[in-house]
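Asks: give the three-dimensional model of this entry:
(one chain, ligands or ions: 1)
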Amino acid sequence: MGKKTVLVTGGAGYIGSHVTVELINAGYDVVVADNMSNCDLTCFEGVKEVTGRTDIPFYRIDCCNQESVETIFNAHAIDALIHFAAYKAVGESVEQPLKYFRNNLDSFITVLSVAAGHGGCNVLFSSSATVYGETDRLPVTEESPRQPAMSPYGATKQMCEDILESSVKAAGTGIKGMALRYFNPVGAHPSALLGELPRGVPNNLIPYVTQTAIGKRECLTIFGDDYPTPDGTCLRDYIDVVDLAKAHVAAVGRMVDGKMKKDYEIFNVGTGRPVSVLEIVRAFEKANGVKLNYRFGPRRAGDITAIWADPSLANRELGWTAQRTLEDTMKSAWEWELHLAALNKK
Ligand code: UD1
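Replies: Presented below is the predicted three-dimensional model:
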C-alpha cells in the first residue's frame, strides 16, 4: 500500500505546522493549504527545516474559494483532511461576529463540499473545549453536554462539529469525521523553529508570559486571585502543542486504517491535569531560571473558574497520551520567544 496523503488546511499556522511535522515524521505525504491571513512563512520554513523536506506541496489559497480547493483535490488523491483554517481570537469574534461566522463556516463547508464531490474522505475537525462552555462537572468527558456558546468563535466550533456530523450522516458524501476538542494548546517545537506567532498584544497566557519575560511587556496581570481554587487562580488543562500534534497522527491513523467505531467520533485532547495560572508562572520561572514580573488584577470577563479534560477515551481508543512535562513545555515556549527575538535582530 502506498503512502497516504493528508491535506492540512491552515497548515502554516501554529497548530497546523506542528501537525504537519508529526505527520511527515510518521510517514505521511502532506499537502498544505493556507491563505496566510494570520501567519507568515516562519513556521512553514521551520517545518521544512525540521523535517528536511523542501518539497512539501504548498497552496496559498483561501478555503472559502471552491475553485481553489478543487485545484488541490484535482492534483492529489486526498485520504484525509485536517481542517485548521479558521479565525481563533475569542475577543475579536465578539466584536466582529459576522467575519467569524462567514469565514469559519464558509471555509469548512467549502472543503467538505469539494471532498464530497471527489467521493469523500476522512475529515478531522479542529474543535475546542470551548464547546463545553461553563461546566461544573469536572473533569469533562465527551459525554458532557455542550452548553450555549460563550462567543461567536465558540459558536462556530459547535456549528462546524454539527456540519461535519450531518455530512457524515447524509447518504453519498463518503465522508467520515472526527472532532478533536483541544483544551489549552501551549508551547512550541523543541527545535524552537516553529511556535505561536501572536499578532499585537497577546490575549492568551503563555505568549503573554514569554513576552513579559523577554521585556516586550512590562508586567503580566494574573486575572483574579479569588477564584474558589486551591491558590485562588483559574485552573486549565494546558496541552503541549507537540503532544497535541501527535494526537492528530493517531487520529488520522485510526481513520485511514478503517479503525473507527462510528463514522463520526469525538475525542478530548488534554492532559487530564488541572494547572493554575500561578503554577504556570512558577513552572516557567523554574524551568528557565528567569524571574517574571507579575501582579494580580481583577477577573477577566467571560473566564470560567476551572476546566480540564478527562482524556481517557483518547488514551484508550487512539492509544495516545500526553507525554511532555510542564517543564518541557515552558522551556520550549521560552526557547521559541528567544528564537523570535533573534530573528528580529537580523
Ligand atoms: C481561550 C479560549 C479557548 C481557546 C484558547 C486558545 C474560551 C472560553 N476559551 O481559553 O477556546 O482554545 O483561549 O488558547 O473562549 N490569564 C491571565 N493573564 C493573562 C492571560 C490569561 O491571568 O494575561 C489567565 C486567564 O484568566 C485564564 C488562563 O490564564 O485563567 C488561560 O487563559 P487563556 O490563555 O486566554 O486561555 P482560555 O481563556 O482558557
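Asks: and the chain, which residues reach the ligand?
Replies: Within reach of the ligand by Cβ under 6 Å from any ligand atom, the chain has these residues: 90, 128, 130, 150-151, 154, 184-185, 203-205, 208, 220-223, 234, 236, 277, 300, 303. Where C-beta positions appear, they are placed from N, C-alpha and C, glycine not excepted.
Asks: narrow these to those in helices?
Replies: Among these, the ones falling in helices (DSSP state H) are V90, G154, L205, Y208, V277.
Asks: what mean pLDDT does stretch 66-74 get?
Replies: Throughout stretch 66-74, pLDDT has a mean value of 98.
Asks: okay, buried residues for it please.
Replies: Within stretch 66-74, the residues that qualify as buried are S68, V69, I72, F73, counting by 16 or more other Cβ atoms under 10 Å.
Asks: by proximity to the ligand, which residue of the stretch 51-200 of the chain wins?
Replies: Nearest residue of the stretch 51-200 of the chain to the ligand, counting by Cβ to the nearest ligand atom: T130, 3.4 Å away.
Asks: can you tell me which residues contact that residue?
Replies: Counting by Cβ atoms under 8 Å, 6 or more residues apart in numbering, T130 makes contact with V90, A149, M150, S151, Y153, G154, K157.
Asks: distance of it relative to A333?
Replies: To A333, T130 is 21 Å away according to Cβ to Cβ, to the nearest Å.
Asks: skip the chain neighbours and tell me the closest residue to F73.
Replies: Leaving out its chain neighbours, the residue that sits closest to F73 by Cβ to Cβ, 6 or more residues apart in numbering is H118, at 4.7 Å.
Asks: what's the separation between the residue nearest to V290 when sequence neighbours are not counted and L220?
Replies: With Cβ to Cβ, 6+ apart as the criterion, V290 has its nearest non-adjacent residue at 5.2 Å, and that residue is A213. Per Cβ to Cβ, A213 is found 9 Å from L220.
Asks: identify the contacts common to these two.
Replies: Taking Cβ under 8 Å, 6+ apart as the criterion, A213 and L220 both touch L292.
Asks: just the strands in this structure please.
Replies: Assigned by DSSP state E, the chain shows strands spanning 5-9, 29-34, 58-60, 80-83, 122-128, 176-182, 184-186, 220-223, 235-236, 238-240, 264-269, 275-276, 294-297.
Asks: P198 is nearest to which of those strands?
Replies: Between P198 and the strands of the chain, the shortest gap by Cβ to Cβ is with strand 184-186, which sits at 12.1 Å.
Asks: give me the sheet partners of the closest one and which way each runs.
Replies: Using DSSP bridges, the strands paired with strand 184-186 are strand 238-240 (parallel).
Asks: for S126, what are its contacts?
Replies: By Cβ under 8 Å, 6+ apart, the residues touching S126 are G10, I15, I82, H83, F84, A86, L180, Y182.
Asks: okay, it: pLDDT?
Replies: 98.
Asks: and the pLDDT at the nearest residue to S312 once chain neighbours are set aside?
Replies: Leaving aside its sequence neighbours, S312 sits nearest to G272 (Cβ to Cβ, 6+ apart; 7.5 Å). G272 carries a pLDDT value of 98.
Asks: same question for L343.
Replies: L343 carries a pLDDT score of 89 in this model.
Asks: pretty sure it contacts T42?
Replies: Yes: counting by Cβ atoms under 8 Å, L343 does reach T42; the two are 7.3 Å apart.
Asks: so which of those two has more stuff around it?
Replies: Per other Cβ atoms under 10 Å, whichever of L343 and T42 has more neighbours is T42, with 17 against 9.
Asks: what pLDDT, on average, does stretch 189-205 get?
Replies: If you average the pLDDT over stretch 189-205, you get 94.
Asks: let me fix that, I meant to ask about stretch 55-63.
Replies: On average, stretch 55-63 scores 98.
Asks: rewinding a little: just checking, the residue nearest to F73 touches I78?
Replies: Yes: applying Cβ under 8 Å, one finds H118 in contact with I78, separated by 7.3 Å.
Asks: higher neighbour count, the two?
Replies: Between H118 and I78, counted using other Cβ under 10 Å, the more crowded position is I78 (23 against 16).
Asks: so what's the more buried one up against?
Replies: By Cβ under 8 Å, 6+ apart, I78 lies in contact with T5, V6, L7, V31, I72, A115, H118, C121.
Asks: again with A12
Replies: A12 makes contact with V32, D34, M36, C39, L41, C43, F44, F58 under the criterion Cβ under 8 Å, 6+ apart.
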